[in-house]
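# Could you look at this predicted model? Sequence included:
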Amino acid sequence: MGVLDIHHLHKSFGGTKVINDFSLEVTELTLCCLVGPNGAGKTTTMDLITGRQKPTSGQIILRNEDITGLGEHEIARLGIGRKFQVPAVFRDLTVRQNLEVAFSREVNPFKNMFSMRPSGLKAKLDEVLSVTGLGARIDTEAGTLSHGETQWLEIGMVLMQDPAILLLDEPVAGMTEAEIEKTVGILNELKKTNTLIVVEHDMAFVRSIADVVTVMHMGSLLAQGSIEEMEANERVREVYLGDPED
Ligand SMILES: Nc1ncnc2c1ncn2[C@@H]1O[C@H](COP(=O)(O)OP(=O)(O)OP(=O)(O)O)[C@@H](O)[C@H]1O
């Protein structure tokens, strides 16, 4: 049994089947990259896992607990953390304040800032600053961070909540080569102690971080395995990778 087990998931919008009998098991301390052509159903799958959308049928199990159909906040509370592509940091707060706000999961950030510091905060803050490399930026207002730093802060904010599994939507979109390289380092460090699902189009990036690559096509699982296995798979090359030169 994995940290996350998806069984025979289906999702239709109106009469259109968008997710069609999709199953996936994500085992502890692995980084699973979810790839596939545009419209394959990757974002919808992430939305179903996080409760943003409700499945038409099927089951989603998080560490033995059936979370199918629960609300988004409840699922987040149970340990599914998600970083979206569009940053959602508090621009007027510093890096430290953003991380502190995320730690207590309180909806009102200002209530957190002036409340008693929960125990464990300092240790968690140090750990997250170390893995995201944001230590030198701790007192910087989030609104003045670079694009890459903002993305790392957001990953840090999700990590402050100690998720059982961390979901990342296209984490390197819009990043410079140097920022991508740093993100590769961050994720390779993170996967030693975390379980992750990453939706990504950049195959060079996928190659440098993935333990398992899951390929979706038309709402279904097309193939799953190592990056080498996926690159050698005829069907995957046909529907997604195209020329080996791509
Ligand atoms: N709310 C919705 N109502 C109707 N159709 C939708 C809705 N959300 C997604 N779809 C359709 O579901 C299909 C899968 O979309 P989804 O965004 O999950 O794909 P994706 O694999 O994430 O694609 P991309 O790589 O382009 O982000 C698409 O055909 C899309 O048009």
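Yep, that arrived. Numbers count the residues shown, from 1 in each chain.

# Val172 and the ligand, how far apart?
Relative to the ligand, Val172 is positioned 14 Å away (criterion: C-beta to the nearest ligand atom, to the nearest Å). C-beta coordinates here come from the backbone N, C-alpha and C atoms, glycine included.

# excluding its backbone neighbours, what's nearest that residue?
For Val172, ignoring the flanking residues on the chain, the nearest one in space by C-beta to C-beta, 6 or more residues apart in numbering is Ile180 at 4.7 Å.

# before we move on, what about Leu187?
With C-beta to C-beta, 6+ apart, the residue lying closest to Leu187 is Ile209, at 4.7 Å.

# ok, how many other residues are close to that neighbour?
Per other C-beta atoms under 10 Å, the neighbour tally for Ile209 reads 23.

# And for Glu228?
Other residues near Glu228 number 10, with proximity taken as other C-beta under 10 Å.

# Show me which parts of the helix or strand where it lies are buried, residue by residue.
Secondary structure from DSSP states H and E places Glu228 in helix 227-232. By 16 or more other C-beta atoms under 10 Å, the buried positions in helix 227-232 come out as Ile227, Met230.

# That helix - contacts with which helices or strands?
Packed against helix 227-232, as judged by 3 or more C-beta pairs under 8 Å, 6 or more residues apart in numbering; DSSP states H and E, are the following elements: strand 212-217, strand 220-225.

# got the contact list for the helix or strand just after it?
From helix 227-232 onward toward the C-terminus, using DSSP H and E, the following helix or strand is helix 234-236. Under the criterion C-beta atoms under 8 Å, 6 or more residues apart in numbering, residues Val215, Leu222, Ala223, Met230 lie in contact with helix 234-236.

# Recalculate using a threshold of 6 Å.
For helix 234-236, the external contacting residues (C-beta atoms under 6 Å, 6 or more residues apart in numbering) are Val215, Ala223, Met230.

# Would you agree the residue nearest to Val172 is in contact with Glu170?
No. Because the distance of 11.7 Å does not satisfy C-beta atoms under 6 Å, Ile180 is recorded as not touching Glu170.

# before we move on, back to that, which of the helices and strands packed on helix 227-232 sits closest to Asn194?
Closest to Asn194 of these is strand 212-217 (C-beta to C-beta; 14.4 Å).

# neighbours around Asn194, how many?
The burial count assigned to Asn194 is 22, neighbours taken as other C-beta under 10 Å.

# What pLDDT does the model give it?
At Asn194 the predicted local confidence, pLDDT, stands at 95.

# if I look at it, how far off is the ligand?
Counting by C-beta to the nearest ligand atom, the gap from Asn194 to the ligand is 23 Å.

# Show the contacting residues for that residue.
With contacts defined as C-beta under 6 Å, 6+ apart, Asn194 is in contact with Leu166.

# May I have the phi/psi pair for it?
When quoted as degrees, to the nearest 10, the phi and psi of Asn194 stand at phi -140, psi 160.

# One more: Thr140?
phi -90, psi 140.

# Next, count neighbours for the nearest residue to it once chain neighbours are set aside.
By the measure of C-beta to C-beta, 6+ apart, the closest residue to Thr140 outside its immediate chain neighbours is Val95, 5.6 Å from it. The number of residues packed near Val95 is 28, by other C-beta under 10 Å.

# ok, Val95 touching Ala136?
No. Contact criterion C-beta under 6 Å: Val95 and Ala136 do not qualify, at 9.6 Å.
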